[in-house]
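In: Dropping the sequence and predicted coords here.
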Amino acid sequence: MLKENNLVRQLNACETMGGANYVCSDKTGTLTQNKMTLAKWWNKSLMDIDLYSDAIKLADTIKDPAVLEICKQSMCCNSSAELHPTDSEKDKGSKTEIALLKFMHKCGYQYKDVQD
């Protein structure tokens, strides 16, 4: 394994990885900081999301109000994640769901209100 540059902290990971055909990873913080951020959005074409913006106008990218509503509901209600408003270290749930809820927050929607 050392010859193939496979560094393993737990030996049981070797058995799991032995059955993997493809491994995808990135260096944007998912691995190093255990955080994920939505960076691109698909709506008939691939659109970049301004990661440094405090507010994103989702209605500017989704013109149809019915589609916008479905999008809001599917991101906010199809989630078991919970965001902690003052400390992101206390956020609960999968990193993918947390990233989607944070994206909705940037778009001006409170996921609890949409869930209700």
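Out: That came in fine, so what should we check first? Numbering: from 1, shown residues only.

In: Can you tell me the SS state at residue 112?
Out: At residue 112 the chain is in helix, as set by DSSP: H, G, I helix; E, B strand; the rest coil.

In: mind checking the backbone torsions on residue 40?
Out: Backbone torsions for residue 40, taken as degrees, to the nearest 10, come to phi -140, psi 150.

In: is it true that it touches residue 61?
Out: No. Taking contacts as Cβ atoms under 8 Å, residue 40 lies outside contact range of residue 61: 11.6 Å. (C-beta placed from N, C-alpha, C; glycine too.)

In: Looking at those two, which is more packed in?
Out: Comparing residue 40 with residue 61 by other Cβ atoms under 10 Å, the one with more neighbours is residue 61, at 17 against 8.

In: Not including adjacent chain positions, what is the nearest residue to the more buried one?
Out: The spatially closest residue to residue 61, leaving aside those adjacent along the chain, is residue 43, at 5.2 Å (Cβ to Cβ, 6 or more residues apart in numbering).

In: before we move on, back to that, got any residues that touch both of residue 40 and residue 61?
Out: Here residue 40 and residue 61 have residue 47 as joint contacts, going by Cβ atoms under 8 Å, 6 or more residues apart in numbering.

In: burial of residue 54, as a residue count?
Out: Counted with other Cβ under 10 Å, residue 54 comes out at 7.

In: same check, this time on residue 74
Out: Residue 74: 12 surrounding residues under other Cβ under 10 Å.

In: Now do the host helix or strand of it: distance to the chain's middle.
Out: Secondary structure from DSSP states H and E places residue 74 in helix 65-77. Remark: helix 65-77 is offset 16 Å from the chain centroid, using Cα atoms, centre = their mean, to the nearest Å.

In: next one: stretch 103-110
Out: Relative to its parent chain, stretch 103-110 has a centroid offset of 13 Å by Cα atoms, centre = their mean.

In: so where do the strands sit in this protein?
Out: Applying DSSP state E to the chain gives strands spanning 40-42, 46-48.

In: which one of those lies closest to residue 89?
Out: Residue 89 sits nearest to strand 40-42 of all those, at 25.7 Å, using Cβ to Cβ.

In: Output the contacting helices and strands for that closest one.
Out: In terms of contacts (3 or more Cβ pairs under 8 Å, 6 or more residues apart in numbering; DSSP states H and E), strand 40-42 is packed against strand 46-48.
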